[in-house]
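In: Dropping a prediction and its sequence here:
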Amino acid sequence: MPLRIGCIADDFTGGTDVAAAFRRAGLRTALVFGAPDDTTALPADCDAAVIALKSRSTPADVAAADSVTAQRWLWGKGAAQVYFKYCSTFDSTPHGNIGPVTDALMDDAGAAVTLHCPASPPNGRTVYQGHLFVHDQLLSDSPLRHHPLNPMTDSALVRLLSAQTRHRVGLIGWTTVRRGTEAVRDAVLAHQRSGVRHIVADALTDDDLAVLGAATLELPVVAGAAGLAEGIGRACPTTGPAVPEPRPYEGRAAVLAGSCSARTLEQIAQFYAAGLPSLHLDVLAAATGRDVVGEALTWYADQDPALPVLVYASASPEELAAVQAQLGVAEAAAQVEELLGTLASHLVERGVRRLLVAGGETSGAVTTALGIRAVLVGEEADPGVPWTYTTTGNDGLALMLKSGNFGAPDLFTRALAAPAEEVE
Ligand SMILES: Nc1ncnc2c1ncn2[C@@H]1O[C@H](COP(=O)(O)OP(=O)(O)OP(=O)(O)O)[C@@H](O)[C@H]1O
Ligand SMILES: O=C(O)[C@@H](O)C(=O)CO
């Protein structure tokens, strides 16, 4: 059965987030890590496939070329529409990649017009009069103003996007969205006739996103965060159940955390407070050649197999700054990713079958170390945080990849308390 929809996500945990959205909409969804090639196999009978790239912060021309290659692969699997998933906080600078990647995908598809909406209401992201809000604050007043890589100091999406494309950018405001699918379709056509190529649309609720999804089903390229993807998914006809009958997963459970985001630090503290075994990795010691992985494995062997374990490199802003000052940012990150990737392989060899990974970069390191190319998406533990299941190699592994700031504070303990469910 050919795919109904293909998706390109600009980072790994964003890929998990959008794959969960398609799954929620009732589509049987596969998630592919990294650029696929002729040897990449999708699980059988998928309605949607998400390719998770790492293109958010790469040079724009590289991001555009990689995305076009991914789009062509998705077309080869039958996808009639390609959704470009970027961050719900529109992470990019005036030199950022959202405009160039969307333009490249549209040029390749021969598309005359596209619609953008980064709203993600379950995570408090809404768009009104073209301005992006994070809960009750404008994006530019929110903590994202201080993001280390992409400080967001403007909330006006038409202006942000206009700085990233040479084409005209227009707006479909909330009053039109409230009038329903036909009104949005008419507004898209009117914009197209007047020479607008990128349309930003308002959305405050999932119902608004369902209207936008139904109105854009025929566009070759659509862009935004997970919310609009779910709206499109809901408008797609499906043939079968999203996920077949699950059965319980056996095996040991572990969390590997490399995210230093505030929410991940809370989740680590909650796991520790629940009296569960946790171990902090000493990154500086590893950099001096100490066998930190070997020590962690000795510690792991002593733990009660019935309990989940947590191993983390995550650090408070002060600790992080100290390590980065000593090793340099890139070397510190490389150390952490090497440690957690190697540890993941050893833990799976030693019987871990449920693995929760915190952080986008960390998730990339772990899936690469485990050689996991594609997974099938299952139930969410929290919005945007689903269990996923390997279907080739490493069979029988349940994997949860968590974006740094996603999940409730008790996610680690709750997700690993009961066995995850396996799908066929
Ligand atoms: N103790 C540490 N010292 C130095 N760097 C660290 C330490 N712990 C983690 N890091 C680095 O911090 C970065 C965390 O990024 P990661 O993408 O994994 O999390 P995140 O940014 O919270 O997640 P997301 O991208 O999903 O929002 C990684 O590059 C990791 O290597
Ligand atoms: O859209 C979001 O906020 C997330 O999926 C994300 O992209 C995190 O990096």
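Out: Received the coordinates, thanks. For clarity, every value in this text was computed on a predicted model and none was experimentally measured. Numbers count the residues shown, from 1 in each chain. Ligands and ions are numbered 1, 2, ... in the order given.
In: which bits of the protein sit near ligand 2?
Out: For the chain, the contact set with ligand 2 under C-beta under 6 Å from any ligand atom comprises 11, 13-14, 17, 87-89, 120, 225-226, 360, 403. (Each C-beta comes from the backbone N, C-alpha and C, glycine too.)
In: Let's see that with 5 Å instead.
Out: 14, 17, 87-88, 225, 403 (C-beta under 5 Å from any ligand atom).
In: which regions of the chain lie under the pLDDT threshold?
Out: 93-94, 146-151, 238-249, 392-395, 418-424 (pLDDT under 70).
In: quick one: contacts for the one residue in the stretch 301-424 of the chain that gets nearest to ligand 2?
Out: Closest residue of the stretch 301-424 of the chain to ligand 2, C-beta to the nearest ligand atom: residue 403 (4.2 Å). The contact partners of residue 403, taken as C-beta atoms under 8 Å, 6 or more residues apart in numbering, are 13-14, 16-17, 359-360, 384-385.
In: make it 6 Å
Out: residue 13 (C-beta atoms under 6 Å, 6 or more residues apart in numbering).
In: Please report how far it lies from residue 108.
Out: Using C-beta to C-beta, to the nearest Å, residue 403 is found at 28 Å from residue 108.
In: With residue 274 instead?
Out: From residue 274 to residue 108 the distance is 49 Å (C-beta to C-beta).
In: out of these two, which sits in the busier spot?
Out: Neighbour totals were compared for residue 274 and residue 108, and residue 108 leads with 18 against 15 (other C-beta atoms under 10 Å).
In: quick one: which helix or strand includes the closest residue to that one other than its chain neighbours?
Out: What sits nearest to residue 108 in space, not counting adjacent residues and going by C-beta to C-beta, 6 or more residues apart in numbering, is residue 68, at 4.8 Å. In this assignment (DSSP states H and E), residue 68 forms part of helix 60-76.
In: Could you identify the helix or strand that succeeds that helix?
Out: Next along from helix 60-76, by DSSP H and E: strand 81-85.
In: thinking again about what came up before, out of the residues of the chain next to ligand 2, which two are the most distant from each other?
Out: Pairwise distances across the residues of the chain next to ligand 2 (C-beta to C-beta) peak at 11.5 Å, for the pair 225 and 403.
In: The longest helix belonging to the chain and ligand 1 in contact?
Out: When the chain is parsed with DSSP state H, its longest helix is helix 329-349. Yes: with C-beta under 5 Å from any ligand atom as the measure, helix 329-349 is seen reaching ligand 1 through 332-333, 336.
In: of all the residues of the chain next to ligand 2, which comes closest to ligand 1?
Out: Nearest to ligand 1 among these, with distances taken as C-beta to the nearest ligand atom, is residue 403, at 3.7 Å.
In: Need the residues that contact stretch 326-335.
Out: Residues contacting stretch 326-335 (C-beta under 6 Å, 6+ apart): 283, 286-287, 323-324.
In: quick one: what helix or strand has the closest residue to residue 61 other than its chain neighbours in it?
Out: Spatially, and ignoring its direct neighbours in sequence, residue 61 is nearest to residue 100 (7.4 Å; C-beta to C-beta, 6+ apart). Here residue 100, judged by DSSP H and E, is contained in helix 98-109.
In: Run the chain-centre distance for the following helix or strand past that helix.
Out: Remark: after helix 98-109, the chain's next helix or strand is strand 114-117, criterion DSSP H and E. Distance of strand 114-117 from its chain centroid, counting by C-alpha atoms, centre = their mean, to the nearest Å, is 18 Å.
In: Give the burial count for the closest residue to residue 114 other than its chain neighbours, as a bare number.
Out: Take residue 114 and drop its neighbours on the chain: the residue closest to it by C-beta to C-beta, 6+ apart is residue 221, 5.0 Å away. Neighbourhood size, residue 221 [other C-beta under 10 Å]: 25.
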